[in-house]
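Colleague: What follows is a predicted structure for the sequence shown.
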Amino acid sequence: MENMTEPAESDPAPVIKHAAADPSSKSRLASAAGEPVISVDRSAEKIFECSAVTVSYAGKLAVEDVDIPLLKGDVTALIGPSGCGKSTFLRCLNRMNDLIPSARVEGSIVYHGQDLYAKDVDPVQVRKRIGMVFQKPNPFPKSIYDNIAFGPRIRGMKANMDEIVESALRRAALWDDVKDRLKDNAFGMSGGQQQRLCIARALATEPDVLLMDEPCSALDPISTGKIEDLMIELKKHVSIVIVTHNMQQAARVSDMTAFFIVDLSAGEGNRIGRLIEFAPTETIFTNPADPRTEDYVTGKVG
Amino acid sequence: MSTPAQMAAKAAQQTTVIPRRDPADARKERSFAFLMYAALAVAGISLAALVFQFVSDGAGALSWNLLTNFPSKVSPETSGVKSALYGTIYLMLLTAVFVIPVGIGTAIYLEEYADRRRWFNRLIEVNIQNLASVPSVVYGLLGLAFIVRGPFSLGRTLLAGAITLGLLVLPVVIIVAREAIRAVPSSIRDGSLALGATKWQTIWKQVLPGSMAGIATGVILALSRAIGETAPLIVIGAAVSPRFLPDGINSEFTALPIQIFAFSKDNDPQFIQLASATIIVLMVLLLAMNSVAIYLRNRFEQKW
């Protein structure tokens, strides 16, 4: 089950192909009744090694037993229907769930060999290494320049701020759009530009992972395309984990894809998210091991 | 025999899909609108009558001397409100010094730190709401018992007056500041925290700047309420018509509402006229403060 050896880096552009016609893929699923199917090159360098991650809000399970290794240099997409816990899981990776008093995270998330949830780990320091971009662009009500400079400033970076700002904006492919109006309020930008500003803002602090929670869901297709191009460009330096509802997006940008479902077996009021399959994106979209993955990516459900 | 035009009209009537307006509905709409305008008129007319009354009574007594002379109990011609005007301004500034940090601090605690599941936080919240509606004379008694006399024993001083008025407007400042802080979207806090800012950095560099216009507006409106208050100052024993200016926070003082009260108690109609003129002074001061508040809100309010 864990013997797939697709080198993540050399994935060709994934092709979406309806796999329903291939009966051989179905035969494999009997073994997948309970355990999720994890097909990943275990020898590759990992950024996150998550085991038995379970998150509950006020005692109610939101996502249960996620075991997943996230590889360095990859774009990893988390897909699945609404309420399947993919955003909740994403927010565990930079300890944003700590901000919700009723949230409880169990299991372990090891980041470059260090337990993220160990007692002596300061969540503030975690978030300095692991950047995040949210569903709705959330620029600060300040100038474009000050938006970018906020992160470096709060950690007391004394280096040449103009250079930091310019390089962050260049990396987010925004420099040419805004270089003449750095002092303008960020609220005057278009939605797509605001989201790229938020990406630039996260990059300014030199994170080694960027978490993106449906970063394009509020954007038009052209802005979405720009952000997707950006992700492919950025993964040379930054590993990316992206939650998306858009399966074409997952297919276009990601190297690895994790599919989650909503488990209703505990009753309609107890929606529990579960990881079903984690594999190279091409496998997920062309030859998934679990029929539920196949039904989802081919649009039969969800 | 009907003309083609009539036939066409009839056909059109028969195929009407959307029912015609019910005249009863239209009547209801009009009478409701009328009631609303009537309610507005009651407020507008009483305000206009009041303003007209004291302006026509007091305009004759308005002069620079009114502002630059000390009050006199015997000669209305040379009597002024200098001590009360200064007293009111000092009182306002001192109240602001007390109420701004305490009010904003409380609001930050309640909005950003307090766990609402804890009973004492809910108790604090409910009590602040209640305190905002406690009559001002009760604050005067509190000030008299605990600040002027009792544990603090500050005497009938400017400081005692400012603390009493501060306590009076503190609930209002807290409520307004909380609303302004709550208006800052949580996405801004998340954005800041996700960049590795601490909670305090997020509050200090994002939440407070984003809510400052609302807080400043609320503080100014609260202060303008404070300087219009008479009852608590009478209860704590503000001086009546003093012929000196307060020379420090431990000095005795008076304020414009007290001066108005003192003038209006006199039997001499010239003093009554001075009371109206002093009302104009106070009203101008209040309108000026409210204008600043409106300006701040329009100029700096953050649209999210």
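Modeller: Thanks, I have the structure now.

Colleague: And chain A, is stretch B:189-196 touching that?
Modeller: Yes. For a cut-off given as CB under 8 Å from any CB of the partner chain, stretch B:189-196 has contacts with chain A, namely B:190-196. From N, CA and C alone the C-beta is placed, and that goes for glycine too.

Colleague: Now do residue 188, the pLDDT please.
Modeller: Went with chain A since none was named. For A:G188, the model assigns a pLDDT of 93.

Colleague: switch to chain B, that's the one I care about
Modeller: Predicted confidence (pLDDT) for B:I188: 96.

Colleague: Which residue, neighbours along the chain excluded, lies closest to the residue nearest the centre of chain B?
Modeller: If you average the C-alpha coordinates of chain B and look for the closest C-alpha using CA atoms, centre = their mean, you land on B:L221, 3.5 Å from that point. Spatially, and ignoring its direct neighbours in sequence, B:L221 is nearest to B:A293 (5.4 Å; CB to CB, 6 or more residues apart in numbering or on different chains).

Colleague: I'd assumed that neighbour was in a strand, is it?
Modeller: No. For B:A293, which was evaluated using DSSP: H, G, I helix; E, B strand; the rest coil, the result is helix, with no strand membership.

Colleague: From chain A, how far off is it?
Modeller: When distance is defined by CB to the nearest CB, to the nearest Å, B:A293 is 21 Å away from chain A.

Colleague: check contacts around that residue.
Modeller: If a contact means CB atoms under 8 Å, 6 or more residues apart in numbering or on different chains, then B:A293 has B:216-217, B:220-221, B:224 as its contacts.

Colleague: From the residues you listed, pick the one nearest chain A.
Modeller: Out of these, the one with the shortest distance to chain A is B:A216. That distance is 15.7 Å, counting by CB to the nearest CB.

Colleague: That closest one reaches B:L296, doesn't it?
Modeller: Yes. With contact defined as CB atoms under 8 Å, B:A216 reaches B:L296; the gap is 5.2 Å.

Colleague: can you tell me which of the residues of stretch B:189-196 next to chain A are in helices?
Modeller: Using DSSP state H, B:190-194 are the members of the residues of stretch B:189-196 next to chain A that sit in helices.

Colleague: Do you know the pLDDT at B:G218?
Modeller: The per-residue confidence score, pLDDT, reads 92 for B:G218.

Colleague: can you confirm it is in a helix?
Modeller: Yes. Secondary structure of B:G218, determined by three-state DSSP: located in a helix.

Colleague: In terms of helices and strands, where is the residue lying closest to it once chain neighbours are set aside?
Modeller: The spatially closest residue to B:G218, leaving aside those adjacent along the chain, is B:V176, at 2.7 Å (CB to CB, 6+ apart). When secondary structure is defined using DSSP states H and E, the element that contains B:V176 is helix B:158-182.

Colleague: Just give me how far that helix sits from the chain centre.
Modeller: For helix B:158-182, the distance between its averaged C-alpha position and the chain's averaged C-alpha position is 11 Å (CA atoms, centre = their mean, to the nearest Å).

Colleague: Name all residues that make contact with whichever residue of the stretch 151-300 of chain A sits closest to chain B.
Modeller: Checking the stretch 151-300 of chain A residue by residue against chain B with CB to the nearest CB singles out A:G151 as nearest, at 4.1 Å. For A:G151, the set of contacting residues under the criterion of CB under 8 Å, 6+ apart consists of A:201-202, A:204-205, B:195-197.

Colleague: By neighbour count, which of the residues you listed wins?
Modeller: Each of these was scored by neighbour count (other CB atoms under 10 Å in any protein chain shown); the top score is that of A:R201, with 29 neighbours.

Colleague: Which pLDDT value belongs to it?
Modeller: In this model, A:R201 is scored at 95, pLDDT.

Colleague: What about the one residue in chain A that gets nearest to chain B, how many residues nearby?
Modeller: Proximity to chain B, evaluated over chain A using CB to the nearest CB, is greatest for A:K128 at 3.3 Å. When neighbours are defined as other CB under 10 Å, A:K128 has 20 of them.

Colleague: residues contacting it?
Modeller: Taking CB under 8 Å, 6+ apart as the criterion, A:K128 is in contact with A:155, A:205, A:207, B:195-196.

Colleague: Out of these, which two are the most distant from each other?
Modeller: Taking every pair in the contacts of A:K128 and measuring CB to CB, the maximum separation is 11.8 Å, between A:R155 and A:P207.

Colleague: Tell me the residues of chain A that contact chain B?
Modeller: Of all the residues in chain A, those in contact range of chain B (CB under 8 Å from any CB) are A:94, A:96, A:99, A:101, A:124-125, A:127-129, A:131-132, A:134, A:136, A:138-141, A:150-151, A:154-155, A:187, A:198, A:201-202, A:205.

Colleague: Restricted to strands, list the contacts of A:K128.
Modeller: Per DSSP state E, strands hold no members of the contacts of A:K128.

Colleague: that older thread, is it fair to say the residue of chain A closest to chain B lies in a helix?
Modeller: Yes. Under three-state DSSP, A:K128 sits within a helix.

Colleague: What count of nearby residues applies to B:I45?
Modeller: Applying other CB under 10 Å, I find that B:I45 has 10 neighbouring residues.

Colleague: quick one: which helix or strand includes the residue of the stretch 151-300 of chain A closest to chain B?
Modeller: Element membership of A:G151 [criterion: DSSP H and E] is helix A:144-154.

Colleague: Contact partners for residue 238?
Modeller: Just so you know, I chose chain A. For A:V238, the contacting residues are A:131, A:203, A:207-210, by CB under 8 Å, 6+ apart.

Colleague: not what I meant, chain B
Modeller: Residues touching B:A238, when contacts are defined by CB under 8 Å, 6+ apart, comprise B:87, B:156, B:161, B:252-255, B:258.

Colleague: Please apply the same query to A:L219.
Modeller: For A:L219, the set of contacting residues under the criterion of CB under 8 Å, 6+ apart consists of A:191-192, A:195, A:227.

Colleague: need the helices for chain A, in chain order.
Modeller: Remark: helices of chain A, listed N- to C-terminal, are A:24-27, A:86-92, A:123-129, A:144-154, A:161-171, A:175-178, A:191-203, A:221-234, A:247-253, A:281-286, A:291-297; assignment by DSSP H.

Colleague: In the last one, which residues are buried?
Modeller: This means helix A:291-297. Residues A:291-294, A:296-297 are the ones in helix A:291-297 that count as buried (16 or more other CB atoms under 10 Å in any protein chain shown).

Colleague: right, and the pair among these with maximum separation?
Modeller: Comparing all pairs in those by CB to CB, the longest separation belongs to A:P291 and A:V297, at 10.9 Å.

Colleague: rewinding a little: buried only: go through the contacts of A:L219 for me.
Modeller: Here, 16+ other CB under 10 Å leaves A:192, A:195, A:227 buried among the contacts of A:L219.
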